[in-house]
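Novice: mind folding the following:
(one chain, ligands or ions: 1)
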Amino acid sequence: MRTDLSGRTALVTGASSGFGRHFCQLLARSGAEVIAAARRTDLLDSLVADIAAEGGKAQALRLDVADESQVVEALSGLEALDIVVNNAGIAGPSRAIDCEGDEWRSIFDVNVNGAFYVSREAARIMRKAGRGGSIINIASITGLRTAHSAAAYAPSKAAVIHMTKSLAMEWARFGIRVNAIAPGYIETDLNREFLLSPAGEDMKKRIPQRRFGEIADLDGPLLLLASDASAYMTGSVLAVDGGHLASPL
Ligand SMILES: NC(=O)c1ccc[n+]([C@@H]2O[C@H](COP(=O)([O-])OP(=O)(O)OC[C@H]3O[C@@H](n4cnc5c(N)ncnc54)[C@H](OP(=O)(O)O)[C@@H]3O)[C@@H](O)[C@H]2O)c1
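Specialist: Predicted structure coming up:
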């Protein structure tokens with residue numbers, strides 16, 4: 001398998017917690033030099049120290065992905081970029097009837113607009129360097145099916161999935177592959193309260209594997225998409241959900 005990432009530079013957004021923190025460690029262990037981006041720099045600094053203690057290479061980047069000018073400025077300093085994981089994301093608790101414009105806009109600003117700004121700037125760097133690249137968008141199974149109380153979140157992830165395909169189509173000519181991972185329910189700060197509630201327990205019964213995911217369940221798909229092992233994959237969406245999408249109606 002061609003999953004060695006030595007000599008590659010990888011940018012991970014939303015790196016301060018949850019999936020993003022784990023992805024940085026995984027990519028560094030696979031040989032990549034990691035740029036860990038998020039707003040909480042104290043958490044990024046401790047991540048960078050943990051990676052260095054294991055012999056890996058990482059640097060912290062303070063970045064609010066929803067701020068276009070900040071994204072442009074932060075990425076303008078990079079000469080080479082091979083892998084981008086658009087992982088920064090937020091959720092909101094509302095049903096559509098209660099969802100105010102501020103909640104809708106802030107979720108789209110981070111989940112959709114942020115992923116677009118980062119992808120566009122990364123693609124400009126990759127095209128200039130002329131050695132292609134891999135962009136991985138962290139979507140969600142809620143972008144493929146509906147979910148309760150996810151009025152803005154589920155549509156934002158559907159937009160991420162369609163954006164993945166549009167960018168894949170446009171950037172194939174530059175050797176830039178764009179794919180998405182659609183995780184099912186995996187316990188992190190984003191959803192812990194819900195997953196541990198009685199409603200969360202009910203949901204678990206509808207997952208064919210009868211368990212929520214663990215972050216490590218994403219390791220195989222992430223390394224596949226980040227590396228040359230997926231050289232002929234672009235515009236793909238990989239569901240990692242214990243069979244949740246295949247559950248019966
Ligand atoms: N957990 C699940 O079951 C699940 C399932 C499907 C999809 N996902 C997706 O997976 C991704 C990671 O979620 P998670 O579960 O790991 O949640 P998490 O622990 O809450 O992590 C979210 C990350 O996004 C960052 N972030 C939020 N707003 C940002 C902004 N404006 N600019 C830059 N970074 C920002 C946060 O860092 P700062 O606050 O430090 O900026 C944090 O590191 C999200 O896109 C989420 O939608 C999660």
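Novice: for burial, what's the neighbour tally of the closest residue to residue 62 other than its chain neighbours?
Specialist: With sequence-adjacent residues excluded and distances taken as Cβ to Cβ, 6 or more residues apart in numbering, residue 62 is closest to residue 41, at 5.0 Å. To be clear about C-beta, it is placed using only N, CA and C from the backbone, and glycine gets the same treatment. When neighbours are counted by other Cβ atoms under 10 Å, residue 41 registers 16.
Novice: phi, psi of residue 41?
Specialist: Note on residue 41: backbone dihedrals following degrees, to the nearest 10 are phi -70, psi -20.
Novice: stretch 105-116: end-to-end distance?
Specialist: 15 Å (Cα to Cα, to the nearest Å).
Novice: residues near residue 169, how many?
Specialist: Look at residue 169: counted by other Cβ under 10 Å, it has 12 neighbours.
Novice: I figured it hits residue 235, correct?
Specialist: Yes - using Cβ atoms under 8 Å, residue 169 is in contact with residue 235, at 6.5 Å.
Novice: could you give me the average pLDDT of the single longest strand found in the chain?
Specialist: Looking across the chain with DSSP state E, the single longest strand is strand 176-183. For strand 176-183, mean pLDDT is 99.
Novice: what about it, distance to the chain center?
Specialist: 8 Å (Cα atoms, centre = their mean, to the nearest Å).
Novice: now swap in stretch 200-219 and tell me
Specialist: 19 Å.
Novice: so what touches that stretch?
Specialist: The contact list for stretch 200-219 (Cβ atoms under 8 Å, 6 or more residues apart in numbering) reads 18-19, 22-23, 26, 181, 183-188, 194-195, 240-244, 246-247.
Novice: looking only at pLDDT, what's the mean for that stretch?
Specialist: Stretch 200-219 comes out at a mean pLDDT of 97.
Novice: between the two ends of it, what distance do you get?
Specialist: End-to-end distance of stretch 200-219: 24 Å, with Cα to Cα as the criterion.
Novice: how about stretch 182-198?
Specialist: 24 Å.
Novice: now do the buried residues in it.
Specialist: By 16 or more other Cβ atoms under 10 Å, the buried positions in stretch 182-198 come out as 182, 183, 184, 185, 186, 187, 188, 190, 194, 195.
Novice: once you drop chain neighbours, what's closest to the fifth one?
Specialist: Spatial nearest neighbour of residue 186, chain neighbours left out: residue 213 (3.9 Å); criterion: Cβ to Cβ, 6+ apart.
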